[in-house]
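S.K.: sequence? don't have it. structure:
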C-alpha cells in the first residue's frame, strides 16, 4: 500500500495538539472562542474524512470495495469541506453579522450552505487512483469547489470591509488563514498529486490559535484569573450578541500597612477566595482590583455578600471591599460605556456603588461635559474671572482669586459646578489648571493690576497638577516665560487624604517656597482640611470656606470653633481669608474676629478681566463702604 496521505497525517497530528492545548487550558467562553472550537472540530472531521476517502478509493480500486460505499465516503469528505468553510465564515463574520439588521444576510449564507450540501449529496461523483495520484471528480466535486470559493471569498471580503470594527491583528490572521486555504486549493486543483487542502486548513488553525485564540494570552499567571483585556473582550462579546449578564467589581483595600510580599500573598488569597465562589469568569485588573461576570443579578448579589462576609473574617491582614455592582448589564449601551463607569468609580471611597439607570444617566451627562471641556480647551473658550479680597489692615483690595470659567459654543457661561467636578474625576483638571495659570501670568505680565494696588494673585491648583518626576515644573516654566515675580503668586491647595500624594505635594511646595511662592490652604472648615494638614505643610494663609463663614453666624458650635481656630492660626503666624461674606453684618463680624482678608459678594462677584481692572481703579485709594451687590 502506498497511500498519498503524508500531508493529511501531519495536519491531523497538528489538529490533535491544538485540540489538546485548547481544551485543557482555562479559557473565556465568548462567542469567538466557541466558534473557533467548532471550526477546529470541523477541520479535524474533514482531515479524518480526507484520509478515509483516500483509503476508500484505494480499496475500491484494488481490493473490490463497493463503489457505493466509496462514493458515500468521498461525498462526506466533500460535505465536510463545505461545512469547514461555512464554519470558518461564521467565525470570521460573527461580530459583523450579529445585529438584527444583518439577519437576512445570515439566512442567505445558511441557504448557500444548505443548497451546497444537498447538491453535493445528490450529484454524481467519480474517483481516480493512479499510483500516488488520488482525487474525486464530477458534479459533486464541482459543487464543492463552487460553494467553498464563495465562502472563502466572502470571508476575505468580510475581513476587508469590516476593517473599522475588526482589530488589525484579527483581520490579518483571518486573511492569512483564508489565503493559505485558497492557495492550497488552487495548487491541489492544478497538481492533483499534492493533497494540500487538509494540511493548509490545519496550518490555518495554528495561525488562528497562536494569534487570536491562545487562552494563555488572557490569563494572569500569578493569580490564575483572566486579565483586564480578557474582560474587555468578553464584555464586547456580550453586547455584540445581546447576551444578558451581571457583574461586580471589587477593590480590596488592606487596613494595615503591608510590605510587598505580604500584600502579594494577600492578593493571591483574595484571588483564590473569589475563584472559589463558583465557575464564573474572574478577572484580575490590578492592585487588588477584581471583577466577576454572572448570568443574572440575583446570583451576583448573593456571591458579593458571601465575599464580603469572607473578608470580614480575615484577621491577620484585615481587608475591606469597595464594590461596584452591575445587576443588569443592559443599562449600558455598550462595553465602552460600562468600562468608563468602572474607570470613573473604581477608586471611589463608597463601599457600594450600584449601576442603576440614574447612575448611568449621570455618567452620560459626565461624558457630555467631558467632551464639552475638551472642545472648550481646543477652541480657547476657557476664561479667567477674578474676585477681589479686601485687605482689612490696608483698607483696600490687594489680593484677588483667579477662577476658571467656561463658555459653551454659543458664548454662554457654564456654571463651574457643572464642569469642575467632572474635570476633577476625569483628570482634565490638570490641563485646565495649567491653562488658567498661564492666562493669569499673561495678565500679570501687563502690570496693569499691580499698578492699581494688587499685591498678588491666588490661583487654585489640585494636587494632581504637580508632576511627580519633575516637581512644580509647569509653574516655574510659565512664570519664567512671562517674567512673573514669585511674590505675585499664591497657590491655593486643597487637601488630599492620600499619603503618597501628600508626600509629592509637600516636596513640590517646599521647592516652590524656596522659589518665593506662597501658599493658601483652601476649603478650611469643610472636612477636607484638618489641623495635621496645615501644621505639616508650609502654608501662609488659611481660607475659611463659605460654609464655615456662614456657620460662624448661624451655629453656636461652629461659632466657638471658628473663634478658637482663628487664634490658633494667627499664633502660628498664618493669615486668614474669610470666603462667602455677603452682608454688612457678616463683614463687621469677620473684621471683629480679626481675619486678614475678606472675600465675598459684599464687595464683588467673580468678574472678567476688564471689569476687575475697573473695580480696582474705582475702589482702591478710597475708603471702602461695604454694600451687598
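M.R.: Here it is on my side, so go on. Small disclaimer: the values here were computed from a predicted structure and weren't measured.

S.K.: flag every buried residue along stretch 594-611.
M.R.: By neighbour count with 16 or more other Cβ atoms under 10 Å, stretch 594-611 contains the buried residues 595-600, 602-604, 606-607, 609. From N, CA and C alone the C-beta is placed, and that goes for glycine too.

S.K.: nearest to residue 107 among those residues?
M.R.: Nearest to residue 107 among the buried residues of stretch 594-611 is residue 606, at 63.6 Å by Cβ to Cβ.

S.K.: coming back round to it: in strands only, show me the buried residues of stretch 594-611.
M.R.: Using DSSP state E, 597-599 are the members of the buried residues of stretch 594-611 that sit in strands.

S.K.: could the residues you listed go into a markdown table alongside distance to residue 563?
M.R.: Shown next, in a markdown table, are those (distance: Cβ to Cβ, whole Å):
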| residue | distance to residue 563 |
| --- | --- |
| 597 | 18 |
| 598 | 17 |
| 599 | 20 |
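
S.K.: for residue 214, state which of these is nearest.
M.R.: Closest approach to residue 214 among those (Cβ to Cβ): residue 599, at 62.1 Å.

S.K.: distance of that closest one relative to residue 403?
M.R.: Distance of residue 599 to residue 403, given as Cβ to Cβ, to the nearest Å: 11 Å.

S.K.: for residue 78, same thing?
M.R.: On the measure of Cβ to Cβ, residue 78 and residue 403 end up 77 Å apart.

S.K.: out of the two, which sits in the more crowded spot?
M.R.: residue 78 (28 against 18; other Cβ atoms under 10 Å).

S.K.: for the more buried one, give me the pLDDT.
M.R.: In this prediction, residue 78 carries a pLDDT score of 92.

S.K.: still on that earlier bit, closest one to residue 247 out of the buried residues of stretch 594-611, please.
M.R.: residue 606 (43.8 Å).

S.K.: for the closest one, give me its contacts.
M.R.: Counting by Cβ atoms under 8 Å, 6 or more residues apart in numbering, residue 606 touches 385-387, 401, 403, 405.

S.K.: just want the phi and psi numbers for it.
M.R.: phi -60, psi 130 (degrees, to the nearest 10).

S.K.: state the distance from it to residue 368.
M.R.: Taken as Cβ to Cβ, the span from residue 606 to residue 368 is 25 Å.

S.K.: off-centre distance for the helix or strand hosting residue 208?
M.R.: Per DSSP states H and E, residue 208 falls inside helix 197-208. With Cα atoms, centre = their mean, to the nearest Å as the basis, helix 197-208 stands 35 Å off its chain's centre.

S.K.: ditto for stretch 333-343
M.R.: With Cα atoms, centre = their mean as the basis, stretch 333-343 stands 7 Å off its chain's centre.

S.K.: so for it, what's the average pLDDT?
M.R.: What stretch 333-343 shows for mean pLDDT is 92.

S.K.: with stretch 152-167 instead?
M.R.: Stretch 152-167 carries an average pLDDT of 78.

S.K.: burial of residue 361, as a residue count?
M.R.: Number of residues near residue 361 (other Cβ under 10 Å) recorded here: 11.

S.K.: over to residue 54?
M.R.: Here the number of neighbours of residue 54 (other Cβ under 10 Å) works out to 23.

S.K.: go ahead and confirm it touches residue 136.
M.R.: No: using Cβ atoms under 8 Å as the test, residue 54 is too far from residue 136 to be in contact (9.9 Å).

S.K.: can you give me the end-to-end span of stretch 346-355?
M.R.: Stretch 346-355 has its terminal residues 12 Å apart, counting by Cα to Cα, to the nearest Å.

S.K.: name the SS class of residue 250, please.
M.R.: Assigned with DSSP: H, G, I helix; E, B strand; the rest coil, residue 250 falls in the strand class.

S.K.: residues in contact with it?
M.R.: 274, 289-291, 304, 307, 321-324.

S.K.: quick one: the helices in the stretch 501-629 of the chain?
M.R.: Using DSSP state H, counting those that start in this stretch, the helices found in the stretch 501-629 of the chain span residues 531-536, 546-554, 556-571, 584-593, 609-619.

S.K.: pLDDT below threshold where in the stretch 401-550 of the chain?
M.R.: For the stretch 401-550 of the chain, the stretches flagged by pLDDT under 70 are 463-471, 495-501, 525-534.

S.K.: and the strands in it?
M.R.: 413-414, 456-461, 489-493, 518-524, 541-544 (DSSP state E, counting those that start in this stretch).

S.K.: format these as JSON lines; extra columns: distance to residue 29 and mean neighbour count.
M.R.: Formatted as JSON lines, the strands of the stretch 401-550 of the chain follow (distance: least, Cβ to Cβ, whole Å; neighbours: other Cβ atoms under 10 Å):
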{"stretch": "strand 413-414", "distance to residue 29": "46", "mean neighbour count": "15"}
{"stretch": "strand 456-461", "distance to residue 29": "48", "mean neighbour count": "23"}
{"stretch": "strand 489-493", "distance to residue 29": "50", "mean neighbour count": "22"}
{"stretch": "strand 518-524", "distance to residue 29": "49", "mean neighbour count": "22"}
{"stretch": "strand 541-544", "distance to residue 29": "56", "mean neighbour count": "26"}
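
S.K.: and residue 189, which of these is closest to it?
M.R.: Nearest to residue 189 among the strands of the stretch 401-550 of the chain is strand 413-414; the distance by Cβ to Cβ comes to 67.9 Å.

S.K.: which helix or strand contains the residue of the chain positioned farthest from its centre?
M.R.: Residue farthest from the centre of the chain, counting by Cα atoms, centre = their mean, is residue 64 at 66.8 Å. Using DSSP H and E, residue 64 sits in no helix or strand.

S.K.: for it, what are its contacts?
M.R.: Residue 64 makes no contacts at all, as judged by Cβ under 8 Å, 6+ apart.

S.K.: pLDDT score for it?
M.R.: pLDDT, residue 64: 83.

S.K.: hang on, the earlier thing: need the worst-confidence member of the contacts of residue 250.
M.R.: The member of the contacts of residue 250 with the lowest pLDDT is residue 321, and it reads 81.

S.K.: next, count neighbours for that residue.
M.R.: Neighbours of residue 321 using other Cβ under 10 Å come to 21.

S.K.: also residue 272?
M.R.: Close neighbours of residue 272, defined as other Cβ under 10 Å, add up to 13.

S.K.: again with residue 302
M.R.: Residue 302 has 12 neighbours, counted by other Cβ under 10 Å.
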